[in-house]
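*Asks:* Need the 3D shape of this:
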Amino acid sequence: MRREAGIWISVNPSFHEEILSIVKDEASRVRTSGDLLQIDIYKDNPSYQILIETIDNQVMRYTYSEGREYTKEEITQATFFSVELVNPWEHSPTSAEKFGTKYEPNSGCLACGVGKIQVSELIIDKKQIGKNQLVTINPEIIVSENFNAIVSENGLTGCNFTEVKDYKGRGLPNCFQLLIESTLRPMNKEEIIVEISKPHYCEICGQSGKILRSEVVYDSDILCNVNDFNQSYEYFGLANHRARRLIISAKARDILKKNKVLAAYEPVRIV
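*Replies:* Residues are numbered from 1 along each chain as shown. The predicted structure follows:
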């Protein structure tokens, strides 16, 4: 696996040349927009560490993300995958509750609302789903009728389905809520990289306001004898984007890809 950092630096343009001189021979991409400097660079390049030290020494404000590239062998040998779901409502954040889905009052964290218990059928704007077979309106997961059939026909374990309702009652194609039966124990806290967004972090439950910046990492005993479909104990994301991670077996991933279920499947690292 090779890691690539995406770094967005908010810095006075007078410092741009100094920064660019550090990474000019090794950056994959450099873009500028006003005082914002974006640099993509592989973390195994020597200039990456020099760049980070320079940013810290100069007390520059920056944000960071990480992309990972896997070899075919690493993907073939992986036994579990983390699934990044499509969110059709990403650019106009909303929630199932705003479409009429009911949740048990005071059932989640009283400070931030994480973990609320759904007590009605899932009600959404079904038209937004389009032709997608696997999407989310965080934290709920929605799948197509074909997805439901794929899981049933192949005997995949750890989930069940309930029908989703359209908030306008339109006669749109059937879709279902994917209900995960298994919640895993926490990830390996020493190995994962988690960024805390202070404005969104919940001091009460510790689940809101966390952004996962690395791959998913579990101790080997946690993934012994678990289902094909599981969910993480942790929630990641901000505001309406926070949700548990969907963790599936290699068997489930192979079957879904074979049936052209589009999603980002990333190997889970096991230690």
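*Asks:* C-alpha from now on. contacts and neighbour counts both.
*Replies:* Noted.
*Asks:* Touching, Ser82 and Tyr265? I think so.
*Replies:* Yes - taking contacts as CA atoms under 8 Å, Ser82 lies within contact range of Tyr265: 5.8 Å.
*Asks:* When the two are compared, which one has more neighbours?
*Replies:* A count of neighbours by other CA atoms under 10 Å puts Ser82 above the other of Ser82 and Tyr265, at 23 against 20.
*Asks:* Name whatever forms a beta bridge with the more buried one.
*Replies:* The partner list for Ser82 in beta bridges (DSSP bridges) reads Ile247, Glu266.
*Asks:* How many residues are close by Ile247?
*Replies:* 29.
*Asks:* Need phi/psi at Asn146.
*Replies:* The phi and psi values for Asn146, taken as degrees, to the nearest 10, are phi -70, psi -40.
*Asks:* who's in contact with the closest residue to it other than its chain neighbours?
*Replies:* Excluding its sequence neighbours, the residue lying closest to Asn146 (CA to CA, 6 or more residues apart in numbering) is Gln133, at 7.4 Å. Gln133 makes contact with Ile142, Val143, Ser144, Asn146, Phe147, Val261, Leu262, according to CA atoms under 8 Å, 6 or more residues apart in numbering.
*Asks:* Now, these that are in strands?
*Replies:* Using DSSP state E, the members of these that fall within strands are Ile142, Val143, Ser144.
*Asks:* Pick out the residue closest to the middle of this structure.
*Replies:* A centroid search over the chain (CA atoms, centre = their mean) returns Glu84, at 4.7 Å, as the residue closest to the centre.
*Asks:* roughly how far apart are the nearest residue to it once chain neighbours are set aside and Val151?
*Replies:* Once flanking residues are discounted, Glu84 sits nearest to Ala264: 5.0 Å by CA to CA, 6+ apart. From Ala264 across to Val151, the span is 18 Å (CA to CA, to the nearest Å).
*Asks:* the more surrounded of the two?
*Replies:* Per other CA under 10 Å, whichever of Ala264 and Val151 has more neighbours is Val151, with 17 against 11.
*Asks:* so what's the backbone phi/psi at the more buried one?
*Replies:* Main-chain torsions, Val151, degrees, to the nearest 10: phi -60, psi -50.
*Asks:* Please apply the same query to Thr136.
*Replies:* Per-residue torsions, Thr136: phi -140, psi 140 (degrees, to the nearest 10).
*Asks:* ok, now which ones touch the nearest residue to it once chain neighbours are set aside?
*Replies:* Nearest non-adjacent residue to Thr136, counting by CA to CA, 6+ apart: Asn87, 5.1 Å away. Taking CA under 8 Å, 6+ apart, we find Asn87 in contact with Val135, Thr136, Ile137, Asn138.
*Asks:* Adding neighbour count, secondary structure and pLDDT, write those out as a markdown table.
*Replies:* Below are these laid out as a markdown table (neighbours: other CA atoms under 10 Å; DSSP: H, G, I helix; E, B strand; the rest coil; pLDDT from 0 to 100):
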| residue | neighbour count | secondary structure | pLDDT |
| --- | --- | --- | --- |
| Val135 | 22 | strand | 97 |
| Thr136 | 22 | strand | 96 |
| Ile137 | 23 | strand | 94 |
| Asn138 | 22 | coil | 89 |
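*Asks:* Since that was my last question, I'll sign off now.
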